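1. just to be clear, the model below is a prediction. Sequence and coordinates:
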Amino acid sequence: MNKRTFLKLASAAMTRQIFSPLFTRASKDRLKNWAGNIEYSTGTLQLANSLDQVRAFVKNQAKFKVLGTRHCFNQIADSRNEFLSLEGMDKVVSLDAPGRTVTIAGRMTYGQLCPYLDSHGFALPNLASLPHISVTGACSTGTHGSGEKNGNLSTAVSALEIVNAAGDVVELSRQKSGELFPGAVVGIGALGVITKLTLGLRPTFRVQQYVYEDLPLSQLASHFDEIESAAYSVSLFTDWQKKRINEVWLKTVVEEGRRFEVPDEFFGAKRATKNLHPIAELSAENCTEQMGVPGPWYDRLPHFRMGFTPSAGKELQSEYFVPRANAVEAILAVEKLRDQISPHLLISEIRAIAADDLWLSPCYKRASVTIHFTWKQDWAAVSKLLPVIERELAPFGPRPHWGKLFSISPPQLHAGYEKLPDFIALSRRFDPKGKFQNQFLATNVFRA
Ligand SMILES: Cc1cc2nc3c(=O)[nH]c(=O)nc-3n(C[C@H](O)[C@H](O)[C@H](O)COP(=O)(O)OP(=O)(O)OC[C@H]3O[C@@H](n4cnc5c(N)ncnc54)[C@H](O)[C@@H]3O)c2cc1C
């Protein structure tokens, strides 16, 4: 970090009396994303604690990006100019119990929010594989969990407060804002600074998690719909070897008076006899409790527990959404590439997600299945493999995860999103001079 950056950070921290973890990390090391594969193009980061500070900052800046919890694997969050972090804006703003909604500030994480909701008798419908991510960052990129009846996480959003490029506060809601609302929710950081989100809630619930090992691929191919509908959330983990799904994670809602049938065998897979990590060789210590032990929704729907380093640590991720109707064909197309994929792979995960109406959601008007790859951190090898996988998936119109690594060309990306031209028009209203744009957005969205 250069001297100017350090002094700027130091004075920001002193004047605002903030002792933020991001500040501390930034002052010791170069500013990087969570996986460490992206070193951001600037180390200059300002902290904002209030709506007024955000507005003042936005008015004074020609160009910048908001950083959430830095969990994206690509340059979607990168800036060459300046970063804004809402580090101090991580609290619940209000809970509307009769209306079943919660309003939170723009930098709250699921890990901070979920225990609060549970203690007040509420829950979110679904969660991603880990709770460490900011709710706003997740919803802005169409982040998802699993479950064929569950929409991605942004489908829980019912209202949002955005500071646009002029520094004005814009409030949008599903009830009052017409087409603007579905256009803005998965906003990929292009519309402004999201300072508040309102999320729809359901009554709290408990979940049991069961894991089965070694599901033959042939069973998956012939019983895909039955397998996907077997539980509230279903995750299939595979290394693509030996024509099998290594682990099937079933997360089922505990219902009073109804027992979940737990056979020893599930479409040829055997029930695990101990907690497992998605990569069976790794310790399950940081994974959420399995073996049917009932627990709160927020400690079962994610695969990884709060307070532990999630996943395998040093890794890269890619993920493609394909139409649910083509799921089996798409999975078998990827399986053909097993010998090319396996040397570079830590694990793959297959999940189902319901369709939605959010313009830039990868599930826009399309019930989807995602094929996810957690790669070893070897970009030279992975960057050569992605076009090969994308070629196999091309007949199914794959939409890449906005926050993960892909090589799909901008025109192909545009072809997958019928509402992208409308989104560009919308972003010009919020940000006529491209204050919130960066190289990633310019290349993939605005200059295709
Ligand atoms: C270990 C791991 C596991 C993961 N598991 C899943 C999973 O299960 N499912 C899944 O779908 N994805 C998963 N992801 C991807 C992750 O959910 C997304 O990358 C998500 O966007 C991360 O949120 P963030 O706050 O860290 O985003 P950042 O990387 O910090 O930012 C992402 C985007 O959001 C914008 N943004 C953030 N905050 C604001 C704000 N307040 N106002 C305006 N724009 C904002 C940024 O500018 C940027 O464009 C995983 C990632 C990791 C590292």
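-> Yes, it's here.

2. chain neighbours aside, what residue packs nearest to Thr101?
-> Take Thr101 and drop its neighbours on the chain: the residue closest to it by C-beta to C-beta, 6 or more residues apart in numbering is Thr198, 5.2 Å away. In this view, the C-beta of every residue, glycine as well, is placed from N, C-alpha and C.

3. next one: that neighbour relative to Ile341, how far apart?
-> 41 Å (C-beta to C-beta, to the nearest Å).

4. what's the answer for Ile38, then?
-> Applying C-beta to C-beta, the value for Ile38 to Ile341 is 23 Å.

5. could you do Gly178 as well?
-> If you measure Gly178 against Ile341 using C-beta to C-beta, the figure is 44 Å.

6. over to Ser229?
-> Applying C-beta to C-beta to Ser229 and Ile341 gives a distance of 28 Å.

7. could you tell me which ranges of the stretch 101-250 of the chain sit under the pLDDT cut-off?
-> Within the stretch 101-250 of the chain, not a single segment meets pLDDT under 70.

8. which ones are touching Val66?
-> Neighbouring residues of Val66 by C-beta atoms under 8 Å, 6 or more residues apart in numbering: Ala77, Phe83, Leu84, Ser85, Leu86, Gly106, Gly189, Val193, Ile194, Phe436.

9. and those, which of them are in strands?
-> Here DSSP state E is the test, and the contacts of Val66 give Phe83, Leu84, Ser85, Val193, Ile194 as lying in strands.

10. just name the closest of those residues to the ligand, please.
-> Lowest distance from the ligand to the ones in strands among the contacts of Val66 (C-beta to the nearest ligand atom) belongs to Ile194, with 3.6 Å.

11. so Gly178 and Ile341 - more neighbours on which side?
-> Neighbours were counted for Gly178 and for Ile341 using other C-beta atoms under 10 Å; Ile341 has more, 21 against 10.

12. find the closest residue to the ligand in the stretch 151-300 of the chain.
-> Gly189 (2.6 Å).

13. how about the nearest residue to that residue, chain neighbours excluded?
-> Counting by C-beta to C-beta, 6+ apart, the nearest residue to Gly189 once its immediate chain neighbours are dropped is Ser140, at 5.7 Å.

14. same check, this time on Tyr320
-> Pro398 is the one closest to Tyr320 (C-beta to C-beta, 6+ apart), at 4.0 Å.

15. is it true that the one you found touches Pro323?
-> No. Counting by C-beta atoms under 8 Å, Pro398 does not reach Pro323; the two are 9.4 Å apart.

16. for Ile18, give me the pLDDT.
-> What the model reports for Ile18 is a pLDDT of 33.

17. any figure for the gap between the closest residue to the ligand within the stretch 301-448 of the chain and Arg206?
-> In the stretch 301-448 of the chain, the residue found nearest to the ligand is Gly403; the distance is 2.9 Å by C-beta to the nearest ligand atom. Distance, Gly403 to Arg206, by C-beta to C-beta: 30 Å.

18. counting neighbours, go ahead and name the busier of the two.
-> Set side by side, Gly403 and Arg206 give different neighbour counts by other C-beta under 10 Å, the larger being at Gly403 (23 against 16).

19. tell me the contacts of Leu124?
-> Counting by C-beta under 8 Å, 6+ apart, Leu124 touches Tyr110, Leu113, Cys114, Leu117, Leu153, Ala156, Leu199, Leu201, Arg202, Trp297, Tyr298.

20. list the residues that contact Phe205.
-> Ala123, Val253, Val254, Trp297.

21. save those as JSON lines, and put in secondary structure, distance to Phe267 and neighbour count too.
-> Below are those laid out as JSON lines (DSSP: H, G, I helix; E, B strand; the rest coil; distance: C-beta to C-beta, whole Å; neighbours: other C-beta atoms under 10 Å):
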{"residue": "Ala123", "secondary structure": "strand", "distance to Phe267": "29", "neighbour count": "21"}
{"residue": "Val253", "secondary structure": "strand", "distance to Phe267": "21", "neighbour count": "16"}
{"residue": "Val254", "secondary structure": "coil", "distance to Phe267": "23", "neighbour count": "16"}
{"residue": "Trp297", "secondary structure": "helix", "distance to Phe267": "26", "neighbour count": "25"}
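
22. so which of those residues are also by the ligand?
-> Applying C-beta under 6 Å from any ligand atom, the subset of the contacts of Phe205 adjacent to the ligand is empty.

23. of those residues, which pair is most distant in space?
-> Based on C-beta to C-beta, the longest span within those runs between Ala123 and Val254 and measures 12.3 Å.

24. how many neighbours does the nearest residue to Met108 once chain neighbours are set aside have?
-> Spatial nearest neighbour of Met108, excluding adjacent residues (C-beta to C-beta, 6+ apart): Asp90 at 4.6 Å. Using other C-beta under 10 Å, the number of residues around Asp90 comes to 16.

25. in the helix or strand harbouring Ala330, what's buried?
-> Element membership for Ala330 (DSSP states H and E) is helix 327-335. Across helix 327-335, burial judged by 16 or more other C-beta atoms under 10 Å covers Ala327, Val328, Ala330, Ile331, Ala333, Val334, Glu335.
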